[in-house]
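*Asks:* Provide a 3D model corresponding to the input given below.
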Amino acid sequence: MTLAAAVLCSCCDRIADNAPAWVAATVTFEEIVSPDATKTVLDGNALSWETTDSFGLTGGKALYKYNNVSGNSFAPETAVRKADIYATYYPYDAIVAHSVESFTVNIPAAQGYVENSVGSGALAMAGTTTDITKIGFRHIMCVFDVSITTLTQNSNIRSISLKSNKPLAGRAVVQTSDCAVSFEDPLYEITMETPDVPVGPGKAARFMVVVPPDTHTLTLTATTETGNTLTAKYKNLTLRRSTIYSVDVKKDFKPNANDPDATVNERVILLNEGNWQSNNGQVSFIENGVITNGWFRKNNPGMNIGDTPEDVLMINDSLVAISVNWSNIIQYIRPTGEAVAQTEDVPNCRAMCIDGNGFLYITSYAHETALGEYYQHGYVAKVSLDDFQVKATCEVGYEPEGVAYYDGRLYIANTGGYSFSEEHGYENSISVVDVGTMNLLRNVGVVDPDTGNPIINLYGEMSQCGSFLCINSPGDYGSTPARTIIFDCEEESYTVYDFPCTYNTTTIDDKFLAVGSAYSYDTNQFTYSLKTIDPYEDIVYDGYRLPSGRFSSDAQSTFESIQNPYCVYQNPYTGHLYMCEAKSFTSAGRVYEFDTRGELINTMVCYINPGHMAALPDRCFK
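*Replies:* Predicted coordinates:
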């Protein structure tokens, strides 16, 4: 049986006589719903049955097989004895033991792939009736509906797997009264072998996995034909019976060592902010341990990058965006450094993200927009990558900083950083914006769960790991202390830690590495910290924790020797880690490179205030 969409159920009537073998049963089904009304579920309104489908019916002792499908009608294989109540279960082949009260069944760990649907026999159902000519089924499972797109890559998905901390398959007992499932011999992983399903930016690959209802912590892994993997994790998802739970995954695959297209060269763009209002920003390029300072100027004679480059983002294999804050431009370059275009009408521009559908989003502290709007607060602008023009804006909080895309929405960290010069206070909110309409959906206030006090001034780097964001709050540099916020976009909930994460990065094993820099006006001193945060397990480690579980002593000793840290970044393609030092904030900085073992392998001299990095994979240069 294959699922096409939501279906309807009907009531059953009692019959008095035995049902001969030739009496067909009309079968109806409980409705399948989506818990999120904004999601697009499946097209149509029916269940289609395969000619090989059959289900089991028991009157207490005997188990009867219903087959010979014709539309939604089935005929029993043998004459059915009269009983006061019958129990039914689908699919028939899964039944191990039976009674009116329950069925013992084998729920498969390997599910078949069907485009835009579920595999045959995967969506198990049960029910009871007093009339075997009118049988109504209820679903005992739910559907985890995953739509995968990449940010920059085109590939083919060959298999997926889904792991959980709760049982997903195995020998199970299903109660016919309420369709509750309990496992006798549980398995915790479901696999699905697929044909080569194409995936890319704007080209979605959809997979529908049937899982038992429970509160799951799930890990989804998609594997390409070359063995590259993409992983998405979901924490404490409550999946209910007879529901379709839809999620969107937008990220690139991680290469494996045997992939002929795997990145083996270390190439990283480094933005040196220079000094604010001095128009002395610079771009450096690191290639296999060698740094080229003034890289942008060398590739574009007569051009400077501008005043205070603020963010750098790889858009695709041939385009990189650089936000230049005080020059009020977004500069677009090739991976080889040549300038190709600019967006010049987003003043006081800050952080950027992309949606994989041809648009870039950038925050602005300004009040006036390119479209003639005037906002009391700051805003986020939507820029088309076809012509590099602003197409829409949305007012958010005062002085918005970090921005991230997740599942059709933008999440913007507001600072209120101009509270010293404008008539407003610090912000403590994360704005949620719909990317399709560019309307503000809501502002999520962030407060300390222990004191109820607002967590203010959400300023600094913002890294993303799946649905999780790592957001810094430096406080007010006085009585309100610095904090770290781990925000879950899926649930729009958060966890607060009592240390800052001023400079942070996503690690290759789906954690956050955070360098905290807490400044106090009272002491005129910085206090620094180095932490690894596991957002899925709510665990914080002191130091840089490697994927192996070891801690890097080189990273710790280097961190402790740095005068003023200014950036931390892990190359997602190679796993090399970078720490940047601003020294006195007015002189040449330093870049420290660590290999995958956490060992310091390079120290490089850069320009003033090295603050932002973006790695480039080898495919950009082919």
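*Asks:* from here on, contacts and neighbour counts on C-alpha atoms
*Replies:* Fine.
*Asks:* what comes up buried for the helix or strand harbouring Thr223?
*Replies:* Element membership of Thr223 [criterion: DSSP states H and E] is strand 214-224. Neighbour-count burial for strand 214-224, counted by 16 or more other C-alpha atoms under 10 Å, picks out 214, 216-224.
*Asks:* and that strand, which strands flank it?
*Replies:* Using DSSP bridges, strand 214-224 pairs in its sheet with strand 155-164 (antiparallel), strand 229-239 (antiparallel).
*Asks:* mind exporting that strand as PDB, just the C-alpha atoms?
*Replies:* Output of strand 214-224 as PDB, limited to C-alpha atoms (Å, rounded to 0.1, in the frame of the first residue of the first chain):
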ATOM      1  CA  ASP A 214       7.200   8.800  20.700                       C
ATOM      2  CA  THR A 215       9.400  11.700  21.700                       C
ATOM      3  CA  HIS A 216      12.500  11.000  19.600                       C
ATOM      4  CA  THR A 217      15.900  12.500  19.300                       C
ATOM      5  CA  LEU A 218      16.700  11.700  15.700                       C
ATOM      6  CA  THR A 219      19.800  11.700  13.600                       C
ATOM      7  CA  LEU A 220      19.200  11.700   9.800                       C
ATOM      8  CA  THR A 221      22.100  10.700   7.500                       C
ATOM      9  CA  ALA A 222      21.900  10.900   3.700                       C
ATOM     10  CA  THR A 223      24.700   9.300   1.700                       C
ATOM     11  CA  THR A 224      25.600  10.100  -1.900                       C
END
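*Asks:* distance between that strand and the chain's centre?
*Replies:* On the basis of C-alpha atoms, centre = their mean, to the nearest Å, strand 214-224 sits 12 Å off its chain's mean C-alpha point.
*Asks:* contacting residues around it?
*Replies:* Applying C-alpha atoms under 8 Å, 6 or more residues apart in numbering, the contact partners of strand 214-224 are 155-166, 196, 229-240.
*Asks:* For the longest helix along the chain, give the mean pLDDT please.
*Replies:* Scanning the chain for the longest helix, with DSSP state H as the assignment, gives helix 553-561. Helix 553-561 carries an average pLDDT of 97.
*Asks:* Report how many residues lie close to the closest residue to Ser419 other than its chain neighbours.
*Replies:* Take Ser419 and drop its neighbours on the chain: the residue closest to it by C-alpha to C-alpha, 6 or more residues apart in numbering is Gly425, 5.0 Å away. Using other C-alpha atoms under 10 Å, Gly425 has 16 other residues around it.
*Asks:* Gly425 sits in which helix or strand?
*Replies:* Assigned by DSSP H and E, Gly425 belongs to no helix or strand.
*Asks:* per-residue pLDDT, Ala21?
*Replies:* Per-residue pLDDT puts Ala21 at 46.
*Asks:* Quick check: bridge partners of the closest residue to Arg409 other than its chain neighbours?
*Replies:* Counting by C-alpha to C-alpha, 6+ apart, Arg409 lies nearest to Asp434, which is 4.7 Å off, once chain neighbours are set aside. Beta bridges link Asp434 to Arg409, Asn439 when assigned by DSSP bridges.
*Asks:* how much space between Asp434 and Ile330?
*Replies:* Distance, Asp434 to Ile330, using C-alpha to C-alpha, to the nearest Å: 22 Å.
*Asks:* More neighbours: those two, which one.
*Replies:* Set Asp434 next to Ile330 and count neighbours by other C-alpha under 10 Å: Ile330 wins out with 28 against 18.
*Asks:* Just confirm the more buried one is within a helix.
*Replies:* No - assessed with DSSP: H, G, I helix; E, B strand; the rest coil, Ile330 is strand; it does not lie in a helix.
*Asks:* can I assume it is in contact with Thr343?
*Replies:* Yes - counting by C-alpha atoms under 8 Å, Thr343 is a contact partner of Ile330 at 5.0 Å.
*Asks:* buried ones in stretch 433-449?
*Replies:* 433-435, 438-440, 443-444, 446-448.
*Asks:* same thing with stretch 546-559?
*Replies:* Judged by neighbour count using 16+ other C-alpha under 10 Å, the buried positions of stretch 546-559 are 546, 551-552, 554-556, 559.
*Asks:* next one: stretch 192-204
*Replies:* Neighbour-count burial for stretch 192-204 [16+ other C-alpha under 10 Å]: 192, 194, 197-202, 204.
*Asks:* So for it, mean pLDDT?
*Replies:* On average, stretch 192-204 scores 91.
*Asks:* what does stretch 490-502 give?
*Replies:* The model assigns stretch 490-502 a mean pLDDT of 95.
*Asks:* Could I get the CA-only coordinates of that stretch as CSV?
*Replies:* Extracted C-alpha coordinates of stretch 490-502, given in CSV (Å, rounded to 0.1, in the frame of the first residue of the first chain):
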residue,chain,number,x,y,z
GLU,A,490,12.7,23.9,15.2
GLU,A,491,11.0,24.4,18.6
GLU,A,492,11.9,28.1,19.0
SER,A,493,13.2,27.3,22.4
TYR,A,494,16.6,28.0,24.0
THR,A,495,19.2,27.2,26.6
VAL,A,496,21.2,29.8,28.4
TYR,A,497,24.8,29.3,29.6
ASP,A,498,26.6,31.6,32.0
PHE,A,499,29.6,32.4,29.7
PRO,A,500,29.9,34.3,26.5
CYS,A,501,30.5,32.9,23.0
THR,A,502,31.8,36.1,21.4
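*Asks:* Now find how far off-centre it is within its chain.
*Replies:* Mean-position distance between stretch 490-502 and its chain equals 16 Å (C-alpha atoms, centre = their mean).
*Asks:* With stretch 578-593 instead?
*Replies:* Stretch 578-593 sits 32 Å away from the centroid of its parent chain (C-alpha atoms, centre = their mean).
*Asks:* hey, where'd the helices end up in the stretch 201-350 of the chain?
*Replies:* Using DSSP state H, counting those that start in this stretch, the helices of the stretch 201-350 of the chain run over 295-299.
*Asks:* Right, I'll call it a day here.
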